[in-house]
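Peer 1: Please work out how this folds:
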Amino acid sequence: MSGNRTVRRAALAAALSALAVTAPAGSGAAAASAPAPAGDQADVPTRSGSTESAVDRVADFYGSYLDAVRDDEGRGALAEALRAHYLTPELRAHLANWERREHADGVLRAQDSPRAWRVTYNDSAMGRAWTRVRLTFGSAEHPRHTQLLVTSDLNTLRITDIQPDTGK
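Peer 2: Next up is the predicted model:
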């Protein structure tokens, strides 16, 4: 059991490291590699977060998960480790049933991998937080969006539900 925990921690650390160095969506290679001139710091993309924020945890999960899915060309060991770390066992079981039925990734509610994601706070009450996740598929010229409503437990910060967001 200790070995399994070590593997999960290593996979999580790798995923979070990948997230920390990932260039922002839509930026070109030149923009990612060239430092900003002094005095032009307002244009430099910044990422931050809090270990106590359910919204940040959802954003961390989706950023890491998309990297893992795209890098592993499907659901590999890292994607499974991220699911084990961020999602409740009940949600993982529910997603496994959904995925068998729909032949798609339940976290993404899609067969393809999105090229971008955006996470926005929606609401919180009774020990839960709801976050809207917008996934962007297709090209920059012809983007398609999927909206998800993600529920998190405010005590554990683990994701307890992922559903299509029908309210706009």
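
Peer 1: Please make it C-alpha for all contacts and neighbour counts, starting now.
Peer 2: Noted.

Peer 1: next structured bit after the least confident helix or strand in the chain by mean pLDDT?
Peer 2: Scoring the helices and strands of the chain by mean pLDDT, DSSP states H and E places helix 29-33 at the bottom, with a mean of 39. As assigned by DSSP states H and E, the chain's next helix or strand after helix 29-33 is helix 54-71.

Peer 1: contacts for that next one?
Peer 2: With C-alpha atoms under 8 Å, 6 or more residues apart in numbering as the test, helix 54-71 has contacts from 15-16, 18-19, 49-51, 75-76, 78-79, 82, 86, 113-114, 117-121, 129, 131, 150, 152-154, 157-159.

Peer 1: Just list whatever residues bridge to W117.
Peer 2: L135 (DSSP bridges).

Peer 1: got the contact list for it?
Peer 2: Residues counted as contacts of W117 (C-alpha under 8 Å, 6+ apart) are Y62, G63, V133, R134, L135, T136.

Peer 1: Against W130, how distant is it?
Peer 2: Noted for W117: a distance of 16 Å to W130, by C-alpha to C-alpha, to the nearest Å.

Peer 1: E52 too?
Peer 2: Taken as C-alpha to C-alpha, the spacing of E52 relative to W130 amounts to 15 Å.

Peer 1: Model confidence score at the residue sitting nearest the centre point of the chain, please.
Peer 2: Taking C-alpha atoms, centre = their mean, the centroid of the chain lies closest to Y62, which sits 0.2 Å from it. You'll see Y62 listed with a pLDDT of 97.

Peer 1: pLDDT weak spots in the protein?
Peer 2: Scanning the chain for pLDDT under 70 picks out the ranges 1-42, 72-75, 168.

Peer 1: count of residues packed around P89?
Peer 2: P89 has 15 neighbours, counted by other C-alpha atoms under 10 Å.

Peer 1: could you list every residue that touches it?
Peer 2: When the contact criterion is C-alpha under 8 Å, 6+ apart, P89 has no partners at all.

Peer 1: I'd like the distance between it and P164.
Peer 2: P89 is 20 Å from P164, by C-alpha to C-alpha.
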